[in-house]
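Visitor: kindly return the folded structure for what I paste below:
(one chain, ligands or ions: 1)
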Amino acid sequence: MSTTAPALELDGVGLKIGGARILEDVSFGVARGEMVGVIGPNGAGKTTLFNTVSGLLRPTEGTVSMDGRPLGPLPIHRRAAAGLGRTFQTSSLFPGLSVVENVRLAAQARRGGSLSLLRFPRRGDAATAVAMDRLDEVGLTPLAGASAGGLSHGDKRKVEIAMLLATDPSVILLDEPMAGVGSADVPVLSAIIDRMHRETGRTILMVEHHMDVVLGLVDRVAVMHHGRLLAIDTPEAVMADPTVQSAYLGEAV
Ligand SMILES: Nc1ncnc2c1ncn2[C@@H]1O[C@H](COP(=O)(O)OP(=O)(O)OP(=O)(O)O)[C@@H](O)[C@H]1O
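Guide: Modelled structure (predicted):
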């Protein structure tokens with residue numbers, strides 16, 4: 001393992017499903033503390049790329065590595081144990097439990113425990129303290145005792161982020177964090193993601209359709225097109241790139 005290796009690295013990643021080539025020779029790294037956004041026209045391969053990193057799909061060529069260590073065939077839960085965190089889906093919240101109890105379960109899982117309901121609640125324990133810290137980070141402290149099922153969609157997404165942070169991942173994968181979120185909540189969630197990147201120096205790979213959100217948040221943008229990496233550079237350089245502009249021809253950029 002090299003200490004200079006990127007926190008997350010894709011090297012020649014390809015994926016064929018049946019006869020169809022979905023990803024081809026995708027290579028890029030995300031440095032420790034860097035945030036990279038993945039964009040591309042519809043069908044470009046963003047979701048598939050994300051799934052090969054998270055472990056949902058196994059690439060048919062190439063490798064995905066963390067800190068220079070290839071993840072190989074590690075399943076999703078083993079990748080999580082290795083420090084690769086992805087947002088929980090809204091559907092993974094326990095609607096009948098309070099907000100803090102949901103986040104506490106995630107903190108407990110990180111500490112080597114199971115998601116056992118037998119182990120909570122014990123106010124004042126370490127997992128609850130972690131949960132309260134993470135709720136503070138996403139601005140949900142006032143709603144800690146509220147039932148998760150009654151939250152707005154935007155607040156549920158904040159709980160998902162708090163749950164992700166409670167597992168203390170070294171590399172964070174954000175899969176369309178603004179999907180389904182009302183327009184009033186988009187700037188709020190953007191600010192939360194910005195803080196979790198800039199103030200705490202977390203390493204983040206984010207797929208997101210809201211182009212303006214991506215360009216405003218990330219250090220670099222990876223542009224996918226027809227399953228290939230078309231460009232990776234700063235937002236300004238990527239948007240000025242004629243090959244990127246022509247890939248988006250006919251689409252609102
Ligand atoms: N299991 C599969 N079998 C065959 N083709 C697939 C499969 N999964 C995805 N594809 C195809 O691969 C291409 C990339 O899909 P993907 O969903 O990764 O793109 P995307 O960039 O996330 O698109 P969108 O912006 O519309 O969400 C598409 O043409 C899609 O139809």
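
Visitor: drop to CA atoms for contacts and neighbour counts, all remaining ones
Guide: Fine.

Visitor: and residue 35, how many neighbours?
Guide: Here the number of neighbours of residue 35 (other Cα atoms under 10 Å) works out to 25.

Visitor: tell me how far it lies from the ligand.
Guide: The gap separating residue 35 from the ligand is 19 Å, by Cα to the nearest ligand atom, to the nearest Å.

Visitor: give me the spatial nearest neighbour of that residue, chain neighbours excluded.
Guide: The shortest distance from residue 35 to any non-neighbouring residue, by Cα to Cα, 6 or more residues apart in numbering, is to residue 204 (4.6 Å).

Visitor: which is the next helix or strand following the helix or strand bottoming out on mean pLDDT in the chain?
Guide: Lowest on mean pLDDT, DSSP states H and E among the helices and strands of the chain sits helix 76-81, with a mean of 82. Counting by DSSP states H and E, the element after helix 76-81 in chain order, helix or strand, is strand 84-86.

Visitor: packing partners of that next one?
Guide: Counting contacts by 3 or more Cα pairs under 8 Å, 6 or more residues apart in numbering; DSSP states H and E, strand 84-86 packs against strand 171-175.

Visitor: the strand it packs on close to the ligand?
Guide: No - with Cα under 6 Å from any ligand atom as the criterion, the ligand is not reached by strand 171-175; the gap is at least 10.0 Å.

Visitor: mind listing what's buried in the helix or strand that comes right after that strand?
Guide: As assigned by DSSP H and E, the chain's next helix or strand after strand 171-175 is helix 185-198. By 16 or more other Cα atoms under 10 Å, the buried positions in helix 185-198 come out as 185, 186, 188, 189, 190, 192, 193, 194, 195, 196, 197.

Visitor: give me the sheet partners of the helix or strand following helix 185-198 and which way each runs.
Guide: Next in sequence after helix 185-198, counting helices and strands by DSSP H and E, comes strand 203-207. Sheet pairing for strand 203-207, assigned by DSSP bridges, gives strand 35-39 (parallel), strand 171-175 (parallel).
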